[in-house]
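[1] coords please:
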Amino acid sequence: MSKQLHQPLGGNEMPRFGGNASMLRLPMVNASHELDELDAAFVGIPLDIGTSLRSGTRFGPRQIRAESVMIRPYNMATGAAPFESINVADIGDVAINTFNLLDSVRIIEQEYDDILSHNIIPLTLGGDHTITLPILRAIKKKYGKVGLIHIDAHADVNDEMFGEKIAHGTTFRRAVEEDLLDCSRVVQIGLRAQGYSADDFNWSRRQGFRVVQAEECWHKSLVPLMQEVHQHVDGGPVYLSFDIDGIDPAWAPGTGTPEIGGLTTIQAMEIIRGCAGLNLIGCDLVEVSPPYDTTGNTALLGANLLYEMLCVLPNVKREL
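    Residues are numbered from 1 along each chain as shown. So this is what the prediction gives:
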């Protein structure tokens, strides 16, 4: 007998301004035996003590969930029917130590060790970009080194920030140093703005990363780029990390380190939809900062991009 798949609470069953306060109004699950039944799960990490300018991402997971209420189960553009294909739930937030960044990093890694032990693909609601380092540490233990698709205005390869080795701008340098990434299968998309030297982006290139600066993306569809990216990262497990500041602040102002000249929301969807067919073993959407998101549009975008990530996971059927 096939297992019953969790379904989002429908808009005709309960008004969208009521009902579950979970991601996509899915059931909340946290018991161990229930986790064993899941294929993928939304997880919140309400962290902002790794930020360097504007705080507020601790409120990101809650606001992304709130803005997810309008999302319906079937993807009209791609035909993806995730809730007819895999079992998905919201498993709540990681209880980080809001007074200690390094302890929070330890807690996150420990929590993801447990999540991955249940063979769940995590879809993470950030939180600042520090969170990706402990997630990748946990993933290395299960999958080995992974390929990476990283969308961001910044490379996040600083050696240190204010003397600290771990913060939201050091994540991917630490990931390289700790041998968490297959550097021949890493792509960074949307990097832009000013730096302290050419090395701010060239360090990534020297590691073997494919770096796509934002200027390469202006005024064009990214479908051809994603065909190239797909070939570049294919051949093993892939992690997708999406910093909302990769999007231009005209569409996503609610973030801590906004940079002009960024990607559009359409390009963001092209990037994620271009990941279909890859062996995605985890995704995150980070740096949504609700105090700077007066319309809710940034969190709304984040919620929709997380839905698009769900739609390209392995084993999700398409019904076009």
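[2] so where is this protein shaky, pLDDT-wise?
    Applying pLDDT under 70 to the chain flags residues 1-2.
[3] buried stuff in the longest strand seen in it?
    In the chain, assigned by DSSP state E, the strand with the most residues is strand 181-191. For strand 181-191, burial by neighbour count (16 or more other CB atoms under 10 Å) applies to Leu181, Asp182, Cys183, Arg185, Val186, Val187, Gln188, Ile189, Gly190, Leu191. For the C-beta atoms, the positions are set from N, CA and C on the backbone; glycine is no exception.
[4] give the helix, strand or coil label for the residue most central in space within the chain.
    In the chain, the C-alpha nearest the mean C-alpha coordinate belongs to Asp284, at 1.7 Å (CA atoms, centre = their mean). Secondary structure for Asp284, judged by DSSP: H, G, I helix; E, B strand; the rest coil, is strand.
[5] the helices in this protein, which residues?
    All helices of the chain, identified by DSSP state H, fall at 32-35, 60-67, 101-117, 132-143, 171-177, 199-206, 223-233, 265-273, 297-311.
[6] can you add mean neighbour count and distance to Gly163 and give those helices back as a markdown table?
    What follows is the helices of the chain, written out as a markdown table (neighbours: other CB atoms under 10 Å; distance: least, CB to CB, whole Å):
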| stretch | mean neighbour count | distance to Gly163 |
| --- | --- | --- |
| helix 32-35 | 13 | 39 |
| helix 60-67 | 24 | 26 |
| helix 101-117 | 18 | 13 |
| helix 132-143 | 22 | 17 |
| helix 171-177 | 22 | 15 |
| helix 199-206 | 16 | 18 |
| helix 223-233 | 16 | 34 |
| helix 265-273 | 21 | 34 |
| helix 297-311 | 24 | 31 |
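[7] as a markdown table, the ones you listed with distance to Gly44 would be great.
    Below are the helices of the chain laid out as a markdown table (distance: least, CB to CB, whole Å):
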| stretch | distance to Gly44 |
| --- | --- |
| helix 32-35 | 16 |
| helix 60-67 | 3 |
| helix 101-117 | 11 |
| helix 132-143 | 13 |
| helix 171-177 | 18 |
| helix 199-206 | 29 |
| helix 223-233 | 26 |
| helix 265-273 | 19 |
| helix 297-311 | 11 |
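[8] is Ala153 in contact with Gly195, as I believe?
    No. Between Ala153 and Gly195 no contact is recorded; they are 11.2 Å apart, counting by CB atoms under 8 Å.
[9] who has more neighbours, those two?
    More crowded of Ala153 and Gly195, by other CB atoms under 10 Å: Ala153, with 26 against 13.
[10] so what's that one up against?
    Ala153 sits next to Gly190, Leu191, Arg192, Ala193, Ala214, Asp243, Asp245, Gly246, Thr257, Pro258, Glu259, Gly262 when contact means CB atoms under 8 Å, 6 or more residues apart in numbering.
[11] ditto for Pro46
    So Pro46 contacts Thr57, Arg58, Phe59, Gly60, Pro61, Arg62, Asp93, Val94, Ile96, Gly127 (CB under 8 Å, 6+ apart).
[12] of those residues, which is the nearest to Met28?
    Distance to Met28 across those (CB to CB) is lowest for Asp93, with 10.7 Å.
[13] the closest one: neighbour count?
    Neighbours around Asp93, by other CB under 10 Å: 17.
[14] for it, which non-adjacent residue is closest in space?
    The shortest distance from Asp93 to any non-neighbouring residue, by CB to CB, 6 or more residues apart in numbering, is to Gly44 (3.9 Å).
[15] how many neighbouring residues does Ile120 have?
    For Ile120, the neighbour count with other CB under 10 Å is 24.
[16] what does Gly19 give?
    15.
[17] could you find the closest non-adjacent residue to it?
    In this structure, Gly19 finds its nearest non-sequential neighbour in Leu9, 4.8 Å apart by CB to CB, 6+ apart.
[18] I figured that neighbour hits Gly18, correct?
    No. Applying CB under 8 Å, one finds Leu9 not in contact with Gly18, separated by 9.1 Å.
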